[in-house]
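> Need the 3D shape of this:
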Amino acid sequence: MSTISQFLGQSARANVEAAIAKAHEHESFHALLGLTEERALARADQVDRGEISGRLAGVPFIAKDNFLTLSGTTTAASLFLENFEAPLQATAIEKLEAEGAICIGKANLDAFAHGGSTENSAFGPTKNATDQTRVAGGSSGGSAVVVALGIVPFALGTDTGGSIRQPASFNGVVGVKPTYGTVSRYGVVAMASSTDTVGVLANSSEDAELVMTIMSGKDTKDMTTLSDFFEPTSIEAPLRIGVIKEFMTDDVDVSVREATMTYIERMKAAGHVIEEVSMPILKYALAIYYIVVPAEISSNLGRYDGIRYGRRADASSLNDVYGKSRDNGFVAENKRRIMIGSYVLSSGFFDAYYQQAQKARTLLITAFNELFETFDVLVGPVAPTPAFALGENTADPVKMYLADVMTVPASLAGLPAISVPAGKSEQGLPIGVQLIGARRQDVRLLALAKQMETQ
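Predicted structure coming up:
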């Protein structure tokens, strides 16, 4: 059921004021890094006067704080950019504002989007919307929580290896990672350029579809963007759906498997053909990801040197400015990924690690393509467990990385994938199911998700 529709036709100022009030009421969750009240209220008044109109006129939303915005700071949850005021605005924000949407604030995330729990934020972790002793997921944890708490009907996130889908699952909302290139990344702080995507978190697939339709399309400022193909559709005939065998093993939490199977039975009851499929190469996906992505991270973070912009350390030599600025500005996970990336790209290891990982990535893409010759959609859990406890995995980076095992394959292949609510654990924690489609089949995934929401 759409929640965006409840805001349409109402006073934009009243919508924004109510959203800001809710944000203050839920400050204990630490989902927001800042509100942009002055600009939001000014735009709301413009909507009410009829100066701004569109499909989202008067609808408040929140952007992950790695989207550049003209109001407030864009910190990427890092000390490096703590006081950074952007000189431009992200294309995704521009497109939403052109349709009358109103950004009221910036959501917390893992610093530079490096993490799967939002515990790596330089400003403190975000707490799960259902249980404040649990993580929100990451890196778009703040975006997921503000939607789950009803502060706004939708929020923007970025997904590099599961950063929209996993927090969506942990907080019981819909999370969309589109086909790579669907939405412009211009004006979004880069993490890993070959897997970064811009997506949305919402309370329903219908709302997510509307927002994605508006944001998608070619952008001359981002040469990786695809031409328009995002035309909403519906399911006209039964789909052939493959259940990923490797995602349903005994290593997966019992409650996650049960929720996934219940969702699969509902799809079967809706007339879809369900079969089990196997992808042996998936066991290598996490290793591929944590070679390729840190390599790209080490390159992208090279621009943060304390000279051009961001925090600058007080030092007597150029080398010390670089070193101390980076030491003070980056959190431990940023440094860890830079070191891994620099290592796999270094002379003597490039061929052994990075190049081999890219070859394996091609094999993974081929395996997906072969399955999509037979199947319309693939299905499986989003994560092996529901939301884990705050602090549970912080001492063991490898254990934290393993939480991404089910989301990174679609990211490496550039495929669209959606997390949809599928049930709850015995502790009442939300559990999501992941739908994966072939390239540019985003609308089919959303159509299936919409159909299942009405079953």
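
> Let me know whether residue 446 touches residue 205 as I believe.
Yes. Counting by Cβ atoms under 8 Å, residue 446 does reach residue 205; the two are 5.4 Å apart. For glycine as for every other residue, the C-beta is placed from the backbone atoms N, C-alpha and C.

> Between those two, which contacts overlap?
residue 418 (Cβ atoms under 8 Å, 6 or more residues apart in numbering).

> More neighbours: these two, which one.
With neighbours defined as other Cβ atoms under 10 Å, residue 446 and residue 205 compare such that residue 446 has more, 29 against 24.

> Mind listing what's buried along whatever helix or strand that one lives in?
Assigned by DSSP states H and E, residue 446 falls within helix 442-453. By neighbour count on 16 or more other Cβ atoms under 10 Å, the buried set for helix 442-453 is 442, 443, 444, 445, 446, 447, 448, 449, 450, 451, 452.

> I'd like to know which elements it is packed against.
strand 174-177, helix 205-215, helix 254-269, strand 377-381, strand 417-424, strand 430-437 (3 or more Cβ pairs under 8 Å, 6 or more residues apart in numbering; DSSP states H and E).

> Nearest to residue 43 among these would be which one?
helix 205-215 (16.2 Å; Cβ to Cβ).

> which outside residues touch that closest one?
1-4, 55-56, 92, 95-96, 99, 153-154, 174-176, 178, 182-184, 198-202, 230-232, 418, 420, 442-443, 446, 449-450, 453.

> out of those, which are buried?
Going by neighbour count (16+ other Cβ under 10 Å), these have 2-4, 55-56, 92, 95-96, 99, 153-154, 174-176, 178, 182-184, 198-202, 230, 418, 420, 442-443, 446, 449-450 buried.

> Surely residue 340 touches residue 294?
Yes. Using Cβ under 8 Å, residue 340 is in contact with residue 294, at 4.0 Å.

> can you give me the helices in the stretch 101-250 of the chain?
141-148, 165-171, 205-215 (DSSP state H, counting those that start in this stretch).

> Nearest to residue 369, out of those helices?
So among the helices of the stretch 101-250 of the chain, helix 165-171 is nearest, using Cβ to Cβ, at 21.0 Å.

> Could you pull up the mean pLDDT of the closest one?
Averaged over helix 165-171, pLDDT sits at 98.

> list the helices and strands it packs on?
Helix 165-171 packs on helix 141-148, strand 174-177, strand 417-424, strand 430-437, going by 3+ Cβ pairs under 8 Å, 6+ apart.

> how much distance is there from that helix to the middle of the chain?
Put simply, helix 165-171 sits 9 Å off its chain's centre (Cα atoms, centre = their mean, to the nearest Å).

> what's the answer for stretch 129-145, then?
Stretch 129-145 has its C-alpha centroid displaced from the chain centroid by 12 Å (Cα atoms, centre = their mean).

> And stretch 56-66, by the same measure?
15 Å.

> and what of stretch 20-37?
20 Å.

> what's in contact with it?
With Cβ under 8 Å, 6+ apart, stretch 20-37 has contacts from 40, 62, 65, 69, 71-73, 75, 77, 103-108, 123-127, 129, 132, 136, 141-142, 145-146, 149-151.

> who are the neighbours in contact with the closest residue to residue 153 other than its chain neighbours?
Counting by Cβ to Cβ, 6 or more residues apart in numbering, residue 153 lies nearest to residue 3, which is 4.2 Å off, once chain neighbours are set aside. Taking Cβ under 8 Å, 6+ apart, we find residue 3 in contact with 153, 202, 203, 204, 207.

> Just name the closest of those to residue 165, please.
residue 202 (13.0 Å).

> For the closest one, give its distance to residue 247.
24 Å (Cβ to Cβ, to the nearest Å).

> just to revisit the earlier point, which of the buried residues of helix 442-453 sit farthest apart?
442 and 452 (15.9 Å).

> residues contacting the spatially most central residue of the chain?
Computing the C-alpha centroid of the chain and ranking residues by Cα atoms, centre = their mean puts residue 164 first, at 2.4 Å. Counting by Cβ under 8 Å, 6+ apart, residue 164 touches 140, 143, 144, 157, 158, 175, 176, 177, 199, 200, 201, 419.

> Pull the most distant pair out of these.
Farthest pair in the contacts of residue 164, by Cβ to Cβ: 158 and 419, 14.4 Å.

> Please identify which of the two sits among more neighbours.
Comparing residue 158 with residue 419 by other Cβ under 10 Å, the one with more neighbours is residue 419, at 34 against 27.

> Quick check, the more buried one in contact with residue 432.
Yes. The criterion here is Cβ under 8 Å, and residue 419 meets it with residue 432 at 4.1 Å.

> Residues that sit against both of the two, list them.
Common neighbours of residue 419 and residue 432 (Cβ under 8 Å, 6+ apart) are 165, 168, 169, 175, 382.

> which one of these is nearest residue 243?
Nearest member of the shared contacts of residue 419 and residue 432 to residue 243, counting by Cβ to Cβ, is residue 382, at 14.1 Å.

> wait, doesn't that closest one sit right on residue 419?
Yes. Contact criterion Cβ under 8 Å: residue 382 and residue 419 qualify, at 4.7 Å.

> Now do the shared contacts for these two.
Common neighbours of residue 382 and residue 419 (Cβ under 8 Å, 6+ apart) are 165, 166, 168, 169, 432, 433, 434.

> How about the first one, nearest residue that isn't a chain neighbour?
Spelled out, it's residue 165. That would be residue 419: by Cβ to Cβ, 6+ apart, it lies 3.9 Å from residue 165.

> so residue 377 sits right up against residue 238, yeah?
No. Counting by Cβ under 8 Å, residue 377 does not reach residue 238; the two are 11.2 Å apart.

> more neighbours, those two?
Higher neighbour count among residue 377 and residue 238: residue 377, with 21 against 13, using other Cβ under 10 Å.

> Any figure for the gap between that one and residue 272?
Relative to residue 272, and taking Cβ to Cβ, residue 377 is found at 8 Å.

> joint contacts of the two?
239, 240, 241.

> Which ChimeraX command selects the buried ones in those?
In ChimeraX, a selection of the buried entries from these looks like this (16+ other Cβ under 10 Å):
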select :239,241
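
> Dump the shared contacts of residue 377 and residue 272 to JSON lines, plus distance to residue 393 and pLDDT.
JSON lines is the format used below for the shared contacts of residue 377 and residue 272 (distance: Cβ to Cβ, whole Å; pLDDT from 0 to 100):
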{"residue": "239", "distance to residue 393": "36", "pLDDT": "98"}
{"residue": "240", "distance to residue 393": "37", "pLDDT": "98"}
{"residue": "241", "distance to residue 393": "32", "pLDDT": "98"}
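
> which one of the shared contacts of residue 377 and residue 272 is nearest residue 256?
Distances from residue 256 to those, taken by Cβ to Cβ, are shortest for residue 241, at 18.1 Å.

> beta partners for the closest one?
Beta bridges link residue 241 to residue 274, residue 377, judged by DSSP bridges.

> Distance check, residue 375 against residue 50.
From residue 375 to residue 50 the distance is 48 Å (Cβ to Cβ).
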